[in-house]
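Q: structure here, sequence nowhere to be found:
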């Protein structure tokens, strides 16, 4: 979503890094480019003005750190003010209560029911909660079936309404049921409309009054631009929201809603949805999102994702293999598969400092995807002995592997070259770590 905005900031920062001094004139020029980039991203004018005014005040205030150049100092101000604009600090769901409760609301098409499934999975996997999903959309018959499918995938229980039951009656019954079956967190999925209507709000207010949820969370379609901000304001006035979830951040909209919704509504963004799969829900960290937008990467989130998909014992085994110089093509294949489990390549690249330039370069990103696919096919076409001893791969073996994988001998040679480079780099890193341990 932030490709064009990130590209604009990176171009600006490249021009600033070499500056020996920052004057009032070049600060004004830089802020003009910042203002243009944000306005083109569909951020409201008053939000942009407040942001640039704060950066200007700090830049002219000469808060200089000795280890930073003036250009780096300006970049630091932009990053810190961007993080503040996005909310400053990460906020979490209120987990208190027996059971804990969350009322989820939103318009049709915002991804609300899918988000309910993602939340159930996140609460179960990350927080160890036993979740009950409550089918509170009383008007759409298929909604309960959809929720039941998602609940099964997320490892959660589900409760359907009785015929003719109102939300005000269904809500308290769901809490009693949750306690009786040992669930300690309840997600109320509710009905949506194509626009805010009086009967929708009345229905949600009745449920809110009946169950007094600790969390009232609105799912917002960020692809709607500034309309999504107005929707959030309306729901907040009517219900008193405690948080927001932004969906479709993997789309190609300009991103103004994501940048301005906290500032305009005063409600914290709790999560972002980055795809359709149940594991594509990320806790929202303003400082990390600011780093991604500015092209600085998000190493902390990358590490967290890696920890989710990498088995600790497997990682220790790999470290021992590298120390003994036993890194094989089977290990190389395992690394490709683990990276695939971390999510779409574009999302992984966004978290690597400087990697967002490859995301913007669609051709380079596609080349990386194609190489990973070919490498997997090539390695799987080898015998176990060939994977463990690639030095035996002569010309005839390489030709056979190419035929078996639907590639060319040149492709096989390229995979072996990349493997050799990766093995050498891993060995050098291992030796460096060993020297550091000796010195300590």
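A: Looks like it came in fine. Quick caveat: nothing in here was measured; it's all calculated off a predicted structure.
Q: tell me, how many residues neighbour residue 218?
A: Applying other C-beta atoms under 10 Å, we find 27 other residues in the vicinity of residue 218. From N, CA and C alone the C-beta is placed, and that goes for glycine too.
Q: go on, the one 5 residues further on?
A: Residue 223 is flanked by 22 other residues according to other C-beta under 10 Å.
Q: swap in residue 200?
A: Other residues lying near residue 200 total 19 when counted by other C-beta under 10 Å.
Q: which residues sit in contact with it?
A: By C-beta atoms under 8 Å, 6 or more residues apart in numbering, the contact set of residue 200 is 191-193.
Q: tell me the one among those nearest to residue 337.
A: residue 192 (37.9 Å; C-beta to C-beta).
Q: neighbours of that closest one, how many?
A: For residue 192, the neighbour count with other C-beta under 10 Å is 21.
Q: can you map out the strands along the stretch 101-250 of the chain?
A: 131-136, 157-159, 185-190, 215-221, 243-247 (DSSP state E, counting those that start in this stretch).
Q: between these, which gets nearest to residue 198?
A: strand 185-190 (15.3 Å).
Q: give me the contact list for that closest one.
A: So strand 185-190 is contacted by 95, 99-105, 112-113, 116, 119-120, 123, 127, 129-137, 143, 147, 156, 167, 171, 174-175, 178, 203-204, 207, 211, 213 (C-beta under 8 Å, 6+ apart).
Q: tell me the least confident of the contacts of residue 200?
A: Lowest pLDDT of these: residue 193, 74.
Q: how much space separates that one from residue 209?
A: 20 Å (C-beta to C-beta, to the nearest Å).
Q: so the two - more neighbours on which side?
A: The neighbour comparison of residue 193 against residue 209 (other C-beta under 10 Å) goes to residue 193, with 13 against 10.
Q: show me what contacts residue 172?
A: Residue 172 neighbours (C-beta under 8 Å, 6+ apart): 210-211.
Q: low-confidence ranges, the stretch 1-150 of the chain, go.
A: The stretch 1-150 of the chain contains residues with pLDDT under 70 at 1-4, 13-14, 16-22, 61-72.
Q: domain assignment for this protein?
A: 3-85, 100-296, 302-439 (automatic domain parsing).
Q: what's the closest of those domains to residue 91?
A: Proximity to residue 91, assessed across the domains of the chain by C-beta to C-beta, is greatest for domain 100-296 (4.1 Å).
Q: what is the end-to-end distance of stretch 205-220?
A: Taking C-alpha to C-alpha, to the nearest Å, the first and last residues of stretch 205-220 lie 19 Å apart.
Q: re the thing from before, need the winner for burial among the domains of the chain.
A: Burial of the domains of the chain is given as mean neighbour count (mean count of other C-beta atoms under 10 Å); domain 100-296 ranks first at a mean of 20.
Q: return the distance of that one from the chain's centre.
A: Here domain 100-296 is found 17 Å from its chain centre; the criterion is C-alpha atoms, centre = their mean, to the nearest Å.
Q: before we move on, what about stretch 383-397?
A: Taking C-alpha atoms, centre = their mean, one finds the center of stretch 383-397 at 39 Å from the center of the full chain.
Q: who touches that stretch?
A: Residues outside stretch 383-397 that contact it (C-beta under 8 Å, 6+ apart) are 328-330, 333, 379, 382, 401, 409, 412, 416, 419.
Q: list the ones among the residues you listed that fall in helices.
A: Here DSSP state H is the test, and the contacts of stretch 383-397 give 329-330, 333, 379, 401, 409, 412, 416, 419 as lying in helices.
Q: looking at those, which one is closest to residue 182?
A: Looking across these and measuring by C-beta to C-beta, the closest to residue 182 is residue 333, at 41.5 Å.
Q: isn't the closest one up against residue 380?
A: Yes. The pair residue 333 / residue 380 is scored as a contact, 7.5 Å apart, by C-beta atoms under 8 Å.
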